[in-house]
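**Student:** Next comes the sequence, and after it the predicted model I'd like to discuss.
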Amino acid sequence: MPTTHHVTPRNGDVLLLVGTTKGLFIFRANKGRGKWEMGGPYFPGSAVYAMAYDGRAGRHRLWAGPQSMHWGGLLRWSDDFGHNWTNPQEANVKFPERAGAALKQIWQIVPGRDAEPDLLYCGVEPAALFVSRDAGQTWSLSEGLWNHPQRSRWEPGGGGLCLHTILLDPARANRIRIAVSTAGMYVTEDGGGTWRPSNKGIRADFLPEKYPEFGQCVHKVAQSQHQPERMFLQNHWGLYRSDDRGESWIDIADGVPSDFGFAMAIHPEDPDCAWIVPLESDQFRCTPEGKLRVYRTRNAGKRWDAMTKGLPQKDAYETVLRDAMAVDSLDPVGVYFGTRSGKLFGSADDGKSWSTLLDGLPPIVAVKASVVSLPRARKGA
């Protein structure tokens, strides 16, 4: 087994969780983000597509969903930044027997809102949503989504039939949007009891009907926390913006070399600012022209600018997957992404310039960024 190194974040540090096909790595840096320390590998040999940092209610809990050869996806957590992890003896997220399904993989872990410190959501394959109301001790299937009448007609995408995006509306507790490849987006207004498709304006070039009610291959969706009606969506062919919480979508792909891609991130404060990494096509899922370019918009998609400083612009046929891009909440914003070739890049100035944080990781499939908030020690303690 490889030697495991650990990091010990301080209050205000930036924490990067980097999931790979061979384990989880943890990076930390102070707010200057000039020097990074690495911890890991955790769960060596296991693919980790889902991670989360939960800093609610005074916690500093890390969540991970390593792939188990015996149980499929398992949920494990650490309360000391990876020094120790829970080790469940059987699957803790599992389908009830009546569902007639077996968990294959965990794709997304999302802590609830700050006012809901014990609420957690989990998106899995086969496409389903699980909910925990006791801080992850027990999980239940969202029956309303699982039993949706359109579900039998959902088809798997290239990565399987996976629920990969969970968006909690910051303005209304019972409104949740999810995205499934390839079923499109669905929304609930009653906390999961009932769901309806929400794909108006999104193309499905691979279907006879180009604008169906559902069946789109949505790759990733990002929502503004300060202006929740603003959302950005990267589709399997198609780049979109919504100004009405995802009820309708308009094409904003003018100005990018390709409207195919996976990764997408939105500015934590500015709803007009977002980042993407376009790929050539569904047949050649690499950066166009062999140039690794992050495209940024600052006016909600009216214009896209290539951010290239510090990124290779020759023979860089890289692939960035749907969850392999993240932003922190500092000012200026830090932007991070990883590639299938194991390169991890970071920017501490909104994406204007980039540095290689590490070259040589296993294939990177997910990146999550957080700013650590630790309880301050009491004087005299």
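**Tutor:** Here it is on my side, so go on.

**Student:** Name the residues of stretch 79-90 that are buried.
**Tutor:** Across stretch 79-90, burial judged by 16 or more other C-beta atoms under 10 Å covers 81, 82, 85. Bear in mind the C-beta positions are built from the backbone N, C-alpha and C, glycine included.

**Student:** residue boundaries of the helices in the stretch 51-200 of the chain?
**Tutor:** 143-146 (DSSP state H, counting those that start in this stretch).

**Student:** quick one: low-confidence parts of it?
**Tutor:** Applying pLDDT under 70 to the stretch 51-200 of the chain flags residues 71.

**Student:** ok, now the stretch 251-381 of the chain?
**Tutor:** 375-381.

**Student:** Excluding chain neighbours, what is closest to residue 227?
**Tutor:** Using C-beta to C-beta, 6 or more residues apart in numbering and skipping residues adjacent in sequence, the residue nearest residue 227 is residue 271, 3.9 Å away.

**Student:** what sits against that neighbour?
**Tutor:** 224, 226, 227, 230, 300 (C-beta atoms under 8 Å, 6 or more residues apart in numbering).

**Student:** Show me those that map onto helices.
**Tutor:** Judged by DSSP state H, these include no members of helices.

**Student:** Most neighbours among the residues you listed, please name it.
**Tutor:** Of all those, residue 230 has the most neighbours under the rule other C-beta atoms under 10 Å, reaching 22 neighbours.

**Student:** That residue and residue 222 touch, don't they?
**Tutor:** No - in terms of C-beta atoms under 8 Å, residue 230 does not count as a neighbour of residue 222; the distance is 9.3 Å.

**Student:** Pull up the overlap in contacts between those two.
**Tutor:** Going by C-beta under 8 Å, 6+ apart, residues that sit against residue 230 and also against residue 222 are residue 266.

**Student:** Can you classify residue 244 as helix, strand or coil?
**Tutor:** coil (DSSP: H, G, I helix; E, B strand; the rest coil).

**Student:** min pLDDT across the contacts of residue 271, which one?
**Tutor:** Among the contacts of residue 271, residue 226 carries the weakest pLDDT, at 92.

**Student:** quick one, what contacts it?
**Tutor:** With contact taken as C-beta under 8 Å, 6+ apart, residue 226 is in contact with 170, 269, 271.

**Student:** change it to 7 Å
**Tutor:** Residues counted as contacts of residue 226 (C-beta atoms under 7 Å, 6 or more residues apart in numbering) are 269, 271.

**Student:** What of residue 128?
**Tutor:** Neighbour list for residue 128: 141, 142, 145, 146, 163 [criterion: C-beta under 7 Å, 6+ apart].

**Student:** A helix includes residue 289, no?
**Tutor:** Yes - judged by three-state DSSP, residue 289 forms part of a helix.

**Student:** what about the residue nearest to it when sequence neighbours are not counted, how many neighbours?
**Tutor:** Distance criterion C-beta to C-beta, 6+ apart; nearest residue to residue 289, sequence neighbours excluded, is residue 257 at 7.2 Å. Residues lying near residue 257 (other C-beta under 10 Å) number 18.

**Student:** my guess is residue 257 contacts residue 277, does it?
**Tutor:** No - with contact defined as C-beta atoms under 7 Å, residue 257 does not count as touching residue 277 (10.8 Å).

**Student:** Pick out the residue nearest the middle of the protein.
**Tutor:** Against the mean C-alpha coordinate of the chain, by C-alpha atoms, centre = their mean, the closest residue is residue 323 at 3.9 Å.

**Student:** Go ahead and confirm that residue touches residue 366.
**Tutor:** Yes - assessed by C-beta under 7 Å, residue 323 is found in contact with residue 366 at 4.1 Å.

**Student:** wait, what's in contact with residue 356?
**Tutor:** Residue 356 makes contact with 343, 345 under the criterion C-beta under 7 Å, 6+ apart.

**Student:** Run through the bridge partners of it.
**Tutor:** With DSSP bridges as the criterion, residue 356 is bridged to residue 345.

**Student:** Any of the contacts of residue 128 buried? List them.
**Tutor:** Burial by neighbour count, 16+ other C-beta under 10 Å: within the contacts of residue 128 this picks out 141, 142, 145, 146, 163.

**Student:** quick one: which of those residues is nearest residue 263?
**Tutor:** residue 163 (17.7 Å; C-beta to C-beta).

**Student:** Now do the residue nearest to that closest one when sequence neighbours are not counted: how many residues are near it, please.
**Tutor:** Closest residue in space to residue 163, ignoring its immediate chain neighbours: residue 123 at 3.7 Å, by C-beta to C-beta, 6+ apart. By other C-beta under 10 Å, 24 other residues sit near residue 123.
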